[in-house]
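Trainee: Next input, structure requested:
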Amino acid sequence: MSRDPGTAATGPDTGDGVGESGSDTEPRPASYYHLARAVLYREYLVFVRYPANAIGGIVIALFFFGVLFYGGRLLAGQALTDSIEGIVVGYFLWTLSVGAYSAVSNDIGSEVQWGTLERHITTPFGFAPVALLKGVAKVVRTFITSAVVLAVMLVLTGTRLDVAPVTVVVVAGLAITSVLGLGFAAGGVTVLYKRIGNWLNLLQFGFIVLISAPVLDAPWTRVLPLAHGSALLQRAMVDGVRLWEFGPVELGLLVAVAGGYLAGGYVVFSLATRRARRLGVLGDY
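Mentor: Next up, the predicted model:
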């Protein structure tokens, strides 16, 4: 009795649909590259499938700036006009900061309410890396929407700023990285105490104080989130200073502050989620 050539080539059927060479067709474990791609694609889908929400965020940001600008002109007059460049840059950084902060804190709060938090816990990557990449994806989206807000602000005010893409993205990105760390810490507290939205929203207005911190008169404020980055961004966009023209100490401090707060927020987040597991309140709401 002759053997089937196909059987000879592929080996005997084991009953699970995989022959001797089945190892070549087994799915490979997902890497962080696949996770990052999936998270970015998810953020893209949310952006394009719910355009009303995305446009609403831009409209609200422009509305508050319009109140600030036109109301300020009525009250302060020429004093506001003389400092309008700094106000535009500061407001641009504030919109980025709010987006970076809420990217983690509000997203985790939503996961807690929806009851989908456990799905992130059970991923092979761990909860913290998934939350971090989701935050980075939202920061990318925030950069796009804040760029639109910045363009409209420049048109409304008739202001000219030096917008060098590489310098602005690097300086602003490192500046809001520290805020991303604060969002991680706030997200960890949210996992423990669930509903603290009012406190989280209150912290967003504290960013205004940090952005306008007097780093020249009080050098110690440079170690606070946003303060040093705001000062460098002002010099870059108002005075036209390029990234390579900043001193190594200034750039080193910017990187150190960003990395320090991000690492600290990551640690707080990890400790808070670990404690929530021990208390058995991870999935409660």
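Trainee: What strand or helix carries residue 44?
Mentor: Residue 44 belongs to helix 32-49 when assigned by DSSP states H and E.
Trainee: nope, residue 132 is what I meant
Mentor: Using DSSP H and E, residue 132 sits within helix 127-157.
Trainee: go on, residue 61?
Mentor: Residue 61 belongs to helix 51-76, assigned by DSSP H and E.
Trainee: Show me what that helix is packed up against.
Mentor: The contact analysis (3 or more Cβ pairs under 8 Å, 6 or more residues apart in numbering; DSSP states H and E) places helix 51-76 against helix 78-82, helix 84-114, helix 127-157. C-beta coordinates here come from the backbone N, C-alpha and C atoms, glycine included.
Trainee: Quick check: which of those is buried the most?
Mentor: helix 84-114 (a mean of 22; mean count of other Cβ atoms under 10 Å).
Trainee: how many degrees apart are it and helix 127-157 in direction?
Mentor: 140 degrees (axes from the mean of the first three to the mean of the last three Cα atoms, to 10 degrees).
Trainee: what stretches of the protein score poorly on pLDDT?
Mentor: For the chain, applying pLDDT under 70 flags the ranges 1-27, 29-30, 72-82, 109, 112-122, 195-197, 281-285.
Trainee: Tell me how many other residues surround residue 42.
Mentor: Here the number of neighbours of residue 42 (other Cβ atoms under 10 Å) works out to 12.
Trainee: Which residue is the nearest non-sequential neighbour of it?
Mentor: Nearest non-adjacent residue to residue 42, counting by Cβ to Cβ, 6 or more residues apart in numbering: residue 137, 7.4 Å away.
Trainee: Residue 53 versus that neighbour, what's the distance?
Mentor: 16 Å (Cβ to Cβ, to the nearest Å).
Trainee: likewise residue 146?
Mentor: According to Cβ to Cβ, residue 146 stands 16 Å off from residue 53.
Trainee: May I have stretch 212-219 as CSV, with CA atoms only?
Mentor: Provided in CSV are the C-alpha atoms of stretch 212-219 (Å, rounded to 0.1, in the frame of the first residue of the first chain):
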residue,chain,number,x,y,z
SER,A,212,4.7,80.8,35.4
ALA,A,213,7.2,80.0,38.1
PRO,A,214,9.9,82.7,38.5
VAL,A,215,12.9,80.5,37.7
LEU,A,216,15.3,83.5,37.4
ASP,A,217,14.3,85.0,40.8
ALA,A,218,14.0,81.6,42.5
PRO,A,219,16.4,79.1,40.9
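Trainee: Identify each buried residue in it, please.
Mentor: For stretch 212-219, burial by neighbour count (16 or more other Cβ atoms under 10 Å) applies to 213, 215.
Trainee: Can you give the contact residues for it?
Mentor: Here stretch 212-219 makes contact (Cβ atoms under 8 Å, 6 or more residues apart in numbering) with 90, 221, 222, 224, 226, 227, 228, 230, 231.
Trainee: From what I see, residue 96 and residue 145 are in contact.
Mentor: No. Applying Cβ atoms under 8 Å, one finds residue 96 not in contact with residue 145, separated by 9.4 Å.
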